[in-house]
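> Provided below are the primary sequence and the corresponding predicted coordinates.
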Amino acid sequence: MRFARYILAGAALCAGTVVLAQNNNNGTRYRWKDASGAPIFSDSLTADALKSGYDVVNSQGMTVRHVDRQLTPEEREAARKVADKKAAEAQRLEQQRREDTQMLNAYPDEASFTAAKNAEVDNFEQAARTTRLNLQGQEKALADLLSRAADIERAKQPVPPYLKQRIADQQGTVSGLRTTLQRQQAAKDAAKAGMDAQLQHYRDAKAAAQSQGGQ
């Protein structure tokens, strides 16, 4: 009986040794290179491994996974800026895609798009024409006030304060209308100048939509 117990105990010890060896054989190890480029294997990671990057390897020495080195604070900040820039560009492209979709829904063909853009230019011109007529009337009113003031001065009389105030107010009105007219004229010119580029963008968006629809 005692001999049998020794045999069982020995068998158990051998089995445990085999299992332990198998566990060691299947264990994960790490590999990285030192400053001279020589490979280093270890069961645990060191600060140098984290700084240089390392491979996770299996018991056969095959790479399971690669882990890049830790970034410096400056590199992390640069990476963050690059990521933010990419995210902003992706957001811009998505916004442009939505706007193009709305444009194509509103103008199903090139003729309707061109007509809409011509109408925009006409609206700017109509607004400028209205401002121009108003300006002409206000300039005439200012000229009349200035003429009255000149007649009074020629008569060696002081120009009344109320007339001076009316002249100042009228000059402000004329100046404001001139600024408005310049802004309207610039908007009309910009709309006309951008029509070719807008039409080309419409054509590109239309072709892209048709290409996606055919896929």
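Received the coordinates, thanks. Here the structure is a predicted model, which is why all the values come from computation and not from measurement.
> mind listing the helices for the protein?
If DSSP state H is used as the criterion, the helices of the chain fall at 2-25, 47-52, 73-106, 110-154, 161-193, 195-214.
> tell me which of the ones you listed sits nearest to Thr63.
For the helices of the chain, the distance to Thr63 is smallest for helix 47-52, at 14.2 Å, taking C-beta to C-beta. Backbone N, C-alpha and C define where each C-beta goes, glycine included.
> list the buried residues in stretch 170-185.
Within stretch 170-185, the residues that qualify as buried by neighbour count (16 or more other C-beta atoms under 10 Å) are Gln170, Thr173, Val174, Leu177, Thr180, Leu181, Gln184, Gln185.
> reformat the residues you listed into CSV and put pLDDT next to each item.
Output for the buried residues of stretch 170-185, formatted as CSV (pLDDT from 0 to 100):
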residue, pLDDT
Gln170, 97
Thr173, 97
Val174, 97
Leu177, 97
Thr180, 97
Leu181, 97
Gln184, 96
Gln185, 95
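> farthest-separated two in those residues?
Applying C-beta to C-beta across those, the maximum distance is between Gln170 and Gln185, 22.4 Å.
> domain assignment for this protein?
Structural domains assigned to the chain are 2-67, 72-106, 108-209, following automatic domain parsing.
> winner for burial among these?
Among the domains of the chain, domain 108-209 has the highest mean neighbour count (mean count of other C-beta atoms under 10 Å), at a mean of 14.
> from Val82, how far out is the one residue sitting closest to the centre of the chain?
The geometric centre of the chain, computed from its C-alpha atoms, lies nearest to Ala88 (C-alpha atoms, centre = their mean), at 3.3 Å. Taking C-beta to C-beta, to the nearest Å as the measure, Ala88 falls 11 Å from Val82.
> now do Tyr54
Counting by C-beta to C-beta, the gap between Tyr54 and Val82 amounts to 24 Å.
> likewise Thr180?
In this view, Thr180 and Val82 are 45 Å apart by C-beta to C-beta.
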